[in-house]
Structure formats: C-alpha cells, structure tokens
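In: Predicted model and sequence follow; I will ask about them next.
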Amino acid sequence: MPGGGPPVPRTWDELWQPGRLQPMLARRAPAPFSSPAYRYEIKWDGYRCLVFADPGAGRTFLQSRHGYDLTPLFPELAGVHRLLPAAAVLDAEIVALVDGRPSFAALQQRAGGVGRGARIPAAAPIAPALLVLFDLLGLAGAVWLGRPLAERVRGLKDLFPEGAAPGVAVSRGVEGDGAAFFRRVRDQGLEGVVAKRLDSPYLPGWRTAHWQKIKAEREVDAVVGGVVPGGRAAGVGTLLLGLFAPDGALHYVGHVSTGLGGEEARHLLGRLRARPTCPFVTVPARARGQPVVWVEPNLVCEVAYLEWTPQGHLRHPVFRRWRDDKDARACRLPAEARAGAPGA
C-alpha cells in the first residue's frame, strides 16, 4: 500500500475517538486528469472536520483536523445527531457561504480568525455555516474504513437525502471525466478538486495516492519591492511583492519564499537596486522587526495564488518564475484587490 501512517482502527472503540482520530489526507497531483477509477469532488475552502454524532447520547462533536473542538464555534451545526438513526463518524468540511459561494475570510470571522491572524471588520455580517459531508467512516457500531469509497458514499447519501436538513449537505461529485470537472470548478472560482479512487479504503492519518488534490490556482505578475535575507546558504529567504494602483502607488500584496541560495542568490541580488526607503504605500507587517533590503520596484516574477483576501493580499502565493520580459509598471493592482488595499 502506498504511503504510510498510524494504525488503522479495526473496532468501534478504536474508531470512536473524538479529538484524537486523524482524517485521511490527499497528495498533490501535478495536473488535472481523468480516469474511470476515480470520483472527483470539489475541494471545499473551509475547515476540515470529523463529526462524531450520537443520537443516543444526544451529542455531536465537531473535531478539527488537529483535534480541536469546533462545536462551540458553529453551534448551528451541533445537531447532526438528530438526523441519524444511530451513532456515526463522518468526514466533512465546514464552509461559510457569501452570496452562495465559499468564503474563507467569512469562515475566519465565524471562528474569530483563530490561528490565521485575520483582520476582518467588526461590522461585517455573520455568514451562515454549511457542513459539507463527504465520507462515512462508521455507523451503528460497524467500522466502514475498509469498505470501498463507492460504498461509503452510497451509505452517506442514504443517511442524508438531498435537502434533509438546513446547514448540512453531501458533497456532489462526478466519476470519470475529472479534467472537464476541474475546468468547471476553476471557471467558477472555487479552490480545486479532490480525486478519490472508488475502490480505496479510508486510512485515518495517511496521505496516499488514493486521494489526490488539484488546486485551481490563478497567476499574477508581481513586482519585488523588498528582500528578507535567509534561506539556505545565506541566500534570499523572502521576496516582498507589490502591484501598482492606477495612481502609480505601489501596494504590498504578499510575500513568497524562493529557496534561493549561493550563486542563485548572488545573481538575484546583483540584479536588484537597493534603496534607503520602503517603496510600498505602507510598510508591510511582514517586514517589521526584520532585516529588510528595500529595492527599486523593477524586477518582476510570476506568482501562483488561490484568491485575493479582503485585505488586498494574495492567499497562498507560490513563486513560479522570473518575468524579465515584463515591464514592472504594467503590473497593476486588480479592482478586486483595491478595496482592501491600505490607502485605497
């Protein structure tokens, strides 16, 4: 079996471990693909959640990926046990919807920005939470981990018919044409797709090729406005990136790690022109209290990212390549990012 992980629970007592059971994880696929052996589902942009629901005890426990109790943060989802005929362990994602679409920023607000340093206006409306179920791990004392995914999904749909309860839904998916499904997901601006083998077991805490995630990343060309030393071989640890507003001001949009060291770092530093002051409209929080080399905003790099945050920053930016063919002044701050940009 590919990959590895902790021992797989074999009995109900081993499975029913609120706060201790680990969810199954996905490897990253290099590109979208199609296969009749896989089921393709939306990669929901929310909090991973294992659900322990027991109608006999009258209790639902919502567990985060790392074992924390999410139930107090989402009390409207604490009644799953009322929908079940017997105790069950489920795998799910908690998402917050804004205009019918998942919003991670709205979810942070619901959770108080726990662990993410979110800065969300206090006056922002509270978004409703939705529990999206996608796997059945055990039911009525029976452990379902060894059953194939196709059977577990059928069992989940039997437990939760469409429209069975507000705030709870079963994740939809397609079989076979994963490439076309990915294009639809990407075009709708969603986070990506998870491909799951129809014959795969559920392996708590394991990351294997049974499940593969394909993120629908976007790309942007951004300007380097500062460098934080670090990384390997005393190289370049972090690039501070910006984009130009229509008035010509350079707004900070995020930072990326390059991993450059040695000759690569020296070559990069040789292309940058140092300056005494910060080129951004405001000094980024990422640069405060650290040694930063401010540079003239002339060098451009291509960055992949998931979405724009309400603060006008790139979410999960990843360095791709240098764009020596791109004029820095052509790197413009898009309208969707201007509302949250400082000084906008």
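Out: It's in.
In: hmm, what's the outermost residue in the protein?
Out: Each residue of the chain has a distance to the centre, and by CA atoms, centre = their mean the biggest one is for Pro276: 36.7 Å.
In: residue contacts, Leu25?
Out: Residues in contact with Leu25 (CB atoms under 8 Å, 6 or more residues apart in numbering) are Gly205, Trp206, Arg207, Trp211. C-beta here means a position set from N, CA and C on the backbone, and glycine is covered the same way.
In: Most neighbours among the residues you listed, please name it.
Out: The most crowded member of the contacts of Leu25, judged by other CB atoms under 10 Å, is Trp211 (24 neighbours).
In: in the sheet, who's paired with it?
Out: Lys196 (DSSP bridges).
In: Apart from its neighbours in sequence, what residue is nearest His313?
Out: Gly254 (4.9 Å; CB to CB, 6 or more residues apart in numbering).
In: So that neighbour sits against His316, correct?
Out: No - judged on CB atoms under 8 Å, Gly254 makes no contact with His316 at a distance of 9.1 Å.
In: Which one's more surrounded, the two?
Out: It is Gly254, of Gly254 and His316, that has more neighbours when counted by other CB under 10 Å, with 24 against 14.
In: Tell me which other helices or strands the helix or strand encompassing the more buried one touches.
Out: Following DSSP states H and E, one finds Gly254 within strand 250-260. The helices and strands touching strand 250-260, judged by 3 or more CB pairs under 8 Å, 6 or more residues apart in numbering; DSSP states H and E, are strand 218-229, strand 236-244, strand 300-305, strand 318-322.
In: Can you redo those strands as TSV, where the extra columns are distance to Ala105?
Out: Formatted as TSV, these follow (distance: least, CB to CB, whole Å):
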stretch	distance to Ala105
strand 218-229	16
strand 236-244	19
strand 300-305	14
strand 318-322	20
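In: Gln108 is nearest to which of the ones you listed?
Out: strand 300-305 (17.1 Å; CB to CB).
In: separation between His251 and His316?
Out: The spacing between His251 and His316, counted by CB to CB, to the nearest Å, is 19 Å.
In: check contacts around Val168.
Out: Residues near Val168 by CB under 8 Å, 6+ apart: Leu77, Val80, Leu83, Leu130, Leu131, Leu133, Phe160.
In: let's go with 10 Å and repeat that
Out: Val168 makes contact with Val51, Leu77, Gly79, Val80, Leu83, Leu90, Ala92, Leu130, Leu131, Val132, Leu133, Phe160, according to CB atoms under 10 Å, 6 or more residues apart in numbering.
In: who's it bridged to?
Out: Leu131.
In: next one: Val318
Out: Bridge pairing for Val318 (DSSP bridges) gives the partners Ala304.
In: That one is in contact with Leu241, isn't it?
Out: No - using CB atoms under 10 Å, Val318 is not in contact with Leu241; the gap is 11.7 Å.
In: Overlap of the contact sets of these two?
Out: Val256, Val303.
In: before we move on, back to that, name the SS class of the residue farthest from the centre of the chain, please.
Out: Under the three-state scheme (DSSP: H, G, I helix; E, B strand; the rest coil), Pro276 adopts coil.
In: Numbering from 40 from now on, please.
Out: Got it, first residue is 40 now, which makes that one Pro315.
In: is it true that it touches Val331?
Out: No - if you go by CB under 10 Å, Pro315 and Val331 don't touch, sitting 11.6 Å apart.
In: Low-confidence stretches in the stretch 40-189 of the chain?
Out: The stretch 40-189 of the chain contains residues with pLDDT under 70 at 40-42, 151-164.
In: So which residues of it form strands?
Out: For the stretch 40-189 of the chain, strands defined by DSSP state E, counting those that start in this stretch occupy the ranges 64-67, 74-81, 86-93, 98-103, 127-137, 140-141, 168-178, 181-182.
In: strands paired with the last one, and their directions?
Out: Just to be clear, that refers to strand 181-182. Here, using DSSP bridges, strand 181-182 pairs with strand 168-178 (antiparallel).
In: wait, what's in contact with the residue nearest to Ser103 when sequence neighbours are not counted?
Out: Nearest residue to Ser103 in three dimensions, chain neighbours excluded: Leu109, at 5.2 Å (CB to CB, 6+ apart). Leu109 makes contact with 86-90, 100-103, 116-117, 133, 149-150, 153, 168, according to CB under 10 Å, 6+ apart.
In: before we move on, what about Asp260?
Out: Residues near Asp260 by CB under 10 Å, 6+ apart: 280, 282, 339-342, 359, 362, 364-367, 369-371.
In: Produce a ChimeraX select command limited to the buried residues of those.
Out: Buried residues within the contacts of Asp260, by 16 or more other CB atoms under 10 Å, are selected in ChimeraX with:
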select :280,282,339,340,342,362,365,367,370
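In: residues shared between the contacts of Gly293 and His355?
Out: Common neighbours of Gly293 and His355, counting by CB under 10 Å, 6+ apart, are Tyr344, Thr348.
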